[in-house]
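> What follows is a protein structure lacking sequence information:
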């Protein structure tokens, strides 16, 4: 018998009551008497124990808390996916919801919207924005009014003076930028941006960012960019087993090669001897991995095979010295992996990165002085973490939050004079690329 929405809380309680419980429902010829105790027994204790948590999470009574989803569809998905049962059983056990429960509920929410391969509501939201009627992208360059940096994490830090150089309103999703997940400055001084939602890589001049110099369309969602030693740029894609190599000239982009790979890769970093280090997130029965690839996409060796699923959320990579730094978006950590040995550590210049209590770290970059930058979501505020290296070589963590706390930092890169950050504004579905003058 199929479970009706209004029966959910009754079935939950019927499993624990040592009486036969009936439900008198309907009227006239539609009236029926349902044996809830028998129904609960047929559904099993494990499933029934999840129903009260599901009832609250999905919206009480018959009105769904999630737009366009209703109650029956999510309930069927819960029944068919027992791996979420524990999370719903534990929902409400304590006032403070455990982090693993939150992550499971977030993954279930993605499943409700038919994105079964995603685990981040942010990613699903961004993909769904692609179908909205109006998308706005703003590209702005900011010069600092104050150059002093705060010594307290969470301080708003330097106050920028803003001037807007491009505002583009896009109707029906036909043109323009929507979400910039990765940024890169080429040898010619242009700014390249991976537009995740518009399936494009675009190029503008830092001297005149009002004008798009060139763009390349791609069949898929471009996620991360890497400049190769020969000046070309490699692109990896979300949920696609391929890499794209783009030739970059002073005023144009052109597709040079499309490489088919054995794995889907989420992050790219420069490897030894003109190779590429690529991060493959966990997919189904496949473990997360760090692979060394040649420029044809072939796997030369594997640095890290995550058989213990410790780094399944690897999203972004960057090379610094003999290590590659990876951001574990799902595990809320930043780690360093030695390229030669595969040894994993959580320290950087004597600073324990785990002590920073990071939340959803994203892209990572370093400036020429060895200072480290990456985007995080701290205490429900979006911020850019800045790890400063003192003259003695020790690291000190500093950070400031964005002025708009509904903005997420994604791509980060540096030039000799600026730190460049792409921010995703969730309220309005737009991206803003910001330049901060160095040093702070």
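Arrived safely, thanks for sending. Being a predicted model, the structure only gives us computed values, none of them experimental. Residues are numbered from 1 along each chain as shown.
> so how far is residue 114 from residue 124?
Per Cβ to Cβ, to the nearest Å, residue 124 is found 9 Å from residue 114. Quick note: C-beta positions are derived from backbone N, CA and C, even for glycine.
> And these two? Which one has more around it.
Neighbour comparison, residue 124 and residue 114: the larger count goes to residue 124, with 19 against 11 (by other Cβ atoms under 10 Å).
> Which of the three states applies to that one?
What DSSP: H, G, I helix; E, B strand; the rest coil gives for residue 124 is helix.
> residues contacting it?
Counting by Cβ atoms under 8 Å, 6 or more residues apart in numbering, residue 124 touches 109, 110, 113, 115, 118.
> Restricted to strands, list the residues you listed.
When those are checked against strands (DSSP state E), there are no matches.
> Turn the residues you listed into a markdown table, columns for neighbour count.
Formatted as a markdown table, the contacts of residue 124 follow (neighbours: other Cβ atoms under 10 Å):
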| residue | neighbour count |
| --- | --- |
| 109 | 20 |
| 110 | 19 |
| 113 | 18 |
| 115 | 18 |
| 118 | 19 |
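> pLDDT and distance to residue 363 added to those residues, as TSV?
Converted to TSV, the contacts of residue 124 look like this (pLDDT from 0 to 100; distance: Cβ to Cβ, whole Å):
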residue	pLDDT	distance to residue 363
109	88	24
110	87	22
113	86	25
115	84	22
118	80	18
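> how far away is residue 295 from residue 121?
With Cβ to Cβ as the criterion, residue 295 and residue 121 are 36 Å apart.
> er, residue 257 actually
With Cβ to Cβ as the criterion, residue 257 and residue 121 are 35 Å apart.
> Please apply the same query to residue 292.
Taking Cβ to Cβ, one finds residue 292 at 33 Å from residue 121.
> And the lowest mean pLDDT element among the helices and strands of the protein?
Sorting the helices and strands of the chain by mean pLDDT, DSSP states H and E puts strand 134-144 at the bottom, at a mean of 28.
> just to revisit the earlier point, compare residue 292 and residue 121 and say which one has the larger neighbour count.
Using other Cβ under 10 Å, the more surrounded residue of residue 292 and residue 121 is residue 292, with 19 against 15.
> Show me what the helix or strand containing the more buried one is packed up against.
According to DSSP states H and E, residue 292 maps onto strand 288-293. If you count contacts as 3 or more Cβ pairs under 8 Å, 6 or more residues apart in numbering; DSSP states H and E, strand 288-293 packs onto strand 276-280, strand 299-306, strand 314-320.
> would a markdown table of the ones you listed with mean neighbour count be doable?
A markdown table is the format used below for the helices and strands packed on strand 288-293 (neighbours: other Cβ under 10 Å):
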| stretch | mean neighbour count |
| --- | --- |
| strand 276-280 | 27 |
| strand 299-306 | 16 |
| strand 314-320 | 24 |
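> Reformat the ones you listed as JSON lines; add mean pLDDT and distance to residue 407.
Output for the helices and strands packed on strand 288-293, formatted as JSON lines (pLDDT from 0 to 100; distance: least, Cβ to Cβ, whole Å):
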{"stretch": "strand 276-280", "mean pLDDT": "93", "distance to residue 407": "25"}
{"stretch": "strand 299-306", "mean pLDDT": "88", "distance to residue 407": "31"}
{"stretch": "strand 314-320", "mean pLDDT": "84", "distance to residue 407": "18"}
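> and the closest residue to residue 258 other than its chain neighbours, how many neighbours?
In this structure, residue 258 finds its nearest non-sequential neighbour in residue 244, 5.7 Å apart by Cβ to Cβ, 6 or more residues apart in numbering. Residue 244 sits with 22 neighbouring residues when counted by other Cβ under 10 Å.
> Enumerate every residue touching residue 244.
201, 216, 218, 222, 234, 235, 237, 255, 257, 258, 259.
> Could you dump those residues into a markdown table with distance to residue 102 added?
Compiled in a markdown table, the contacts of residue 244 are given as follows (distance: Cβ to Cβ, whole Å):
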| residue | distance to residue 102 |
| --- | --- |
| 201 | 34 |
| 216 | 38 |
| 218 | 33 |
| 222 | 29 |
| 234 | 34 |
| 235 | 32 |
| 237 | 28 |
| 255 | 41 |
| 257 | 41 |
| 258 | 38 |
| 259 | 37 |
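> Filter those down to the buried ones.
201, 216, 218, 222, 234, 235, 237, 259 (16 or more other Cβ atoms under 10 Å).
> Local confidence estimate at the third one?
So that's residue 218. With respect to pLDDT, residue 218 scores 88.
> Tell me the spacing between it and residue 238.
For residue 218, the distance to residue 238 - Cβ to Cβ - is 11 Å.
> ok so, going back, give me the lowest-pLDDT entry from the contacts of residue 244.
Ranking these by pLDDT, residue 218 lands last with 88.
> Give the buried residues for the lengthiest helix in the chain.
Identified as the longest helix of the chain according to DSSP state H is helix 99-112. For helix 99-112, a neighbour-count test (16+ other Cβ under 10 Å) marks 101, 103, 104, 105, 106, 107, 108, 109, 110, 111, 112 as buried.
> Spatially nearest residue to residue 248, not counting backbone neighbours?
residue 186 (5.2 Å).
> Which parts of the stretch 51-200 of the chain are strands?
For the stretch 51-200 of the chain, applying DSSP state E, counting those that start in this stretch gives strands covering 134-144, 160-171, 180-185, 190-195, 200-205.
> I'd like the contacts of residue 244 as CSV, with secondary structure appended.
Below are these laid out as CSV (three-state DSSP):
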residue, secondary structure
201, strand
216, strand
218, coil
222, strand
234, strand
235, strand
237, strand
255, strand
257, strand
258, strand
259, strand
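> Next one: residue 55 relative to residue 46, how far apart?
16 Å.
> The two: which is more packed in?
Shown here are residue 55 and residue 46; by other Cβ under 10 Å, residue 55 has more neighbours (19 against 11).
> Looking at the contacts of residue 244, which is nearest residue 78?
The closest of the contacts of residue 244 to residue 78 turns out to be residue 237 (Cβ to Cβ; 30.8 Å).
> so the closest one makes contact with residue 221?
Yes: Residue 237 is within contact range of residue 221, at 5.9 Å (criterion: Cβ atoms under 8 Å).
> And residue 430, how close does it get to residue 196?
13 Å.
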